[in-house]
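**Student:** Below is the structure, and that's it, no one-letter string:
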């Protein structure tokens, strides 16, 4: 035995891309009721409840026959009586098969806290990754409860994302410069701005939704340089017209790329189900609000300066230069 | 007319980029079919399949279960067993339990905590296992003087010899003749020798030694080294998910393994496999991300592969400074690492 252990510590272990035990708990609170789903690794469920008959192979019927309420009994929302709803489903996470256990419960009052005690006695490294509406937190053996009040919102995240994502800002400015600088009358000017902004919004909302809902997955290695290129193209088009008049279709085509760019910020939160839909809407509202604020700042300034002839050329060239630097950085990964 | 063409060309390009960037979408939950095999778990009569609850009052049985879990974590490369081992040791405070706990902490890269636990054991008296683990941790931290002192505290044995030899190998010596692959530890010694041949760039010899070690005892670490060697030579490697993914990327055909590894990294906790993540993202073309991971990884562990990922991800001397300093200080013998350093303009 001694020798085996000697080698255990001496042969460095290869860090596999596997992970310690996690469960994923999604809560949906509404008034005095709770609904949710809980993804538990079948391996953990077997250790906790012995769902397997002992032969080392877990069959569907063994999971369906298991008394999962014994596991759910370790998840408490004080004041609420939780019970299993429906048969468990099967879901793959990165480290194997999980049971998805649906549950619901009525509460005396609005739920205040979540307490979690599952599996810690067997594995002190176990964690529960909890998605409470738009908020995510982690429960561990040391921190077994968390309050369920919600603060802040994804609207703010969306606003922040567009304002801090300089590439989206510059793209919008590059598209809008000609609208403002080439028209004198206010009415056609505003109509033009509206068309461009609407096209951009529809396009990026579409791709943001596709990506956030997991219908499409995009590789950042392609999307990020493509976004930089789109900024450069939009800006250069102001100096040397490449694509001709109507900029709405340009805004639409390139806007598709930007939506995928937004989605990475949202997918980092790991939402799912109804919470994802609501999160998607609030995040997008945030993006649009940020965008409108930006336009509200930009339009008056640009309108007042519309007779400054050098503005269009130098402004566009500056934007194009910045975008080309980004493009180079993103292609080389530097 | 020309503008029309340009416009259409742009639309086609955007569509093309989107098509190229598309990756398989994640799947949702499915209904459980009674006859379907959902997963495999340890059989109840296997060493790691026993129930902890059944061992309630038997500390020796708990120690034995913790050892079985640790071996399973090594065999399957599955950190889930480390948590279970920790669970089996809960409430046990004897020397064996504390040494095992230190091994768990070491596997989790919590080196400071592991060293502290070993120190409490060694203060009560010498313990070969505790000394060896201590030497290994000091070596990973590149604290070679302290590592040597730990090796020297061991009674003369194949372990004491290999302990010192591995440290000398990191400091520029060719120790392969000092490691005679004989006796019950033959597989391990062959793996150590093969590792040095690998870094010396003697690929044919390294392949023979590593393969010979694997024939005696299957081991993920040795297998990973052999896969590294194959990837270096532009050959496919398929020992584990990471090497399969790196193979796919080297072929320019990211597929299932790449998607799996990316999902695993996305769900994983921070810290333990930054070295592997760095390699993955560099192969994926995200150099800045790879560099950040390699730099953070170097703050945790400082072995040849840690130096290599940092040197490979860096584009300037400054970015790879700690690895370059390590190379200069240790005189570690590796033509490949030297040429990476030279490319960065290091003397």
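**Tutor:** Done, it's in. As the structure is a prediction and not an experimental result, all values here were calculated from the model.

**Student:** Now residue B:317. Its backbone dihedrals?
**Tutor:** Torsion angles at residue B:317 (phi, psi; degrees, to the nearest 10) stand at phi -50, psi -40.

**Student:** Name the residues of the stretch 51-200 of chain A found near chain B, please.
**Tutor:** Residues of the stretch 51-200 of chain A lying close to chain B (C-beta under 8 Å from any C-beta of the partner chain) are A:52, A:54-61, A:63-64, A:87-97, A:99-100, A:121-127. For the C-beta atoms, the positions are set from N, CA and C on the backbone; glycine is no exception.

**Student:** same thing with the stretch 201-334 of chain A?
**Tutor:** Listed as neighbours of chain B in the stretch 201-334 of chain A under the rule C-beta under 8 Å from any C-beta: A:214-223, A:226, A:233, A:241-245, A:249-250, A:253-254, A:256-257, A:260, A:329, A:332-334.

**Student:** Just the buried subset of those, please.
**Tutor:** Neighbour counting over these (16 or more other C-beta atoms under 10 Å in any protein chain shown) leaves A:216-223, A:226, A:233, A:242-243, A:249-250, A:253-254, A:256-257, A:260, A:333 as the buried ones.

**Student:** Return the subset of these lying in strands.
**Tutor:** When those are checked against strands (DSSP state E), the matches are A:217, A:218.

**Student:** Which residues are in contact with residue 30?
**Tutor:** You didn't say which chain, so I picked chain A. Listed by C-beta atoms under 8 Å, 6 or more residues apart in numbering or on different chains, the contact set of residue A:30 is empty.

**Student:** Switch to chain B, please.
**Tutor:** Residue B:30 makes contact with A:89, A:90, A:91, according to C-beta under 8 Å, 6+ apart.

**Student:** The second one: neighbour count?
**Tutor:** Think residue A:90. Residues near residue A:90, counting by other C-beta atoms under 10 Å in any protein chain shown, number 20.

**Student:** For it, give the beta-bridge partners.
**Tutor:** residue A:99, residue B:30 (DSSP bridges).

**Student:** surely residue A:77 meets residue A:113?
**Tutor:** Yes. Applying C-beta atoms under 8 Å, one finds residue A:77 in contact with residue A:113, separated by 7.1 Å.

**Student:** Settle it for me: which of those two has more neighbours?
**Tutor:** It is residue A:77, of residue A:77 and residue A:113, that has more neighbours when counted by other C-beta under 10 Å, with 21 against 13.

**Student:** so the closest residue in space to that one that isn't next to it in sequence, which of the three states?
**Tutor:** Excluding its sequence neighbours, the residue lying closest to residue A:77 (C-beta to C-beta, 6 or more residues apart in numbering or on different chains) is residue A:111, at 4.8 Å. What DSSP: H, G, I helix; E, B strand; the rest coil gives for residue A:111 is coil.

**Student:** Local confidence estimate at residue A:111?
**Tutor:** pLDDT for residue A:111: 88.

**Student:** Just the buried residues of the strand or helix carrying residue B:206, please?
**Tutor:** Residue B:206 is part of helix B:203-216 when elements are defined by DSSP states H and E. Going by neighbour count (16+ other C-beta under 10 Å), the buried part of helix B:203-216 is B:205, B:206, B:207, B:209, B:210, B:212, B:213, B:214, B:216.

**Student:** same deal with stretch A:257-265?
**Tutor:** For stretch A:257-265, the neighbour count (16+ other C-beta under 10 Å) marks A:257, A:258, A:259, A:260, A:261, A:262, A:263, A:265 as buried.

**Student:** again, but for stretch A:158-168
**Tutor:** Of all the residues in stretch A:158-168, those buried under the rule 16+ other C-beta under 10 Å are A:158, A:159, A:161, A:162, A:163, A:165, A:167, A:168.

**Student:** And for stretch A:103-116?
**Tutor:** A:103, A:104, A:105, A:107, A:111, A:114, A:116.

**Student:** could these go into JSON lines alongside distance to residue A:47 and secondary structure?
**Tutor:** Formatted as JSON lines, the buried residues of stretch A:103-116 follow (distance: C-beta to C-beta, whole Å; DSSP: H, G, I helix; E, B strand; the rest coil):
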{"residue": "A:103", "distance to residue A:47": "21", "secondary structure": "strand"}
{"residue": "A:104", "distance to residue A:47": "26", "secondary structure": "strand"}
{"residue": "A:105", "distance to residue A:47": "26", "secondary structure": "strand"}
{"residue": "A:107", "distance to residue A:47": "30", "secondary structure": "strand"}
{"residue": "A:111", "distance to residue A:47": "29", "secondary structure": "coil"}
{"residue": "A:114", "distance to residue A:47": "23", "secondary structure": "strand"}
{"residue": "A:116", "distance to residue A:47": "17", "secondary structure": "strand"}
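
**Student:** Lowest-confidence entry in those residues?
**Tutor:** pLDDT across the buried residues of stretch A:103-116 is lowest for residue A:111, at 88.

**Student:** quick one on the thing from earlier: which one of the buried residues of stretch A:158-168 sits closest to chain B?
**Tutor:** residue A:167 (15.3 Å; C-beta to the nearest C-beta).

**Student:** Mind telling me what element the closest one is part of?
**Tutor:** Counting by DSSP H and E, residue A:167 is part of helix A:166-181.

**Student:** picking that back up, check contacts around the residue nearest to residue A:77.
**Tutor:** A:29, A:32, A:34, A:77, A:78, A:79, A:80, A:148.

**Student:** Verify the contact between the first one and residue A:113 for me.
**Tutor:** No. In this structure, residue A:29 sits apart from residue A:113 without contact. The criterion is C-beta under 8 Å, and the distance is 11.5 Å.

**Student:** so what sits against both of those two?
**Tutor:** Counting by C-beta under 8 Å, 6+ apart, the shared contacts of residue A:29 and residue A:113 are residue A:148.

**Student:** Could I get the pLDDT score of residue B:270?
**Tutor:** 62.

**Student:** for the chain, what spans make up the strands?
**Tutor:** Defaulting to chain A. Using DSSP E, strands in chain A cover A:22-30, A:33-41, A:57-59, A:75-76, A:80-84, A:89-93, A:96-107, A:113-116, A:127-132, A:135-140, A:145-147, A:217-218.

**Student:** look at chain B instead
**Tutor:** Counting by DSSP E, the strands of chain B are B:22-23, B:30-31, B:37-40.

**Student:** and those, which is most packed in?
**Tutor:** strand B:37-40 (a mean of 18; mean count of other C-beta atoms under 10 Å in any protein chain shown).

**Student:** Retrieve the pLDDT associated with the residue lying closest to residue A:205 once chain neighbours are set aside.
**Tutor:** Leaving aside its sequence neighbours, residue A:205 sits nearest to residue A:284 (C-beta to C-beta, 6+ apart; 5.6 Å). In this model, residue A:284 is scored at 83, pLDDT.
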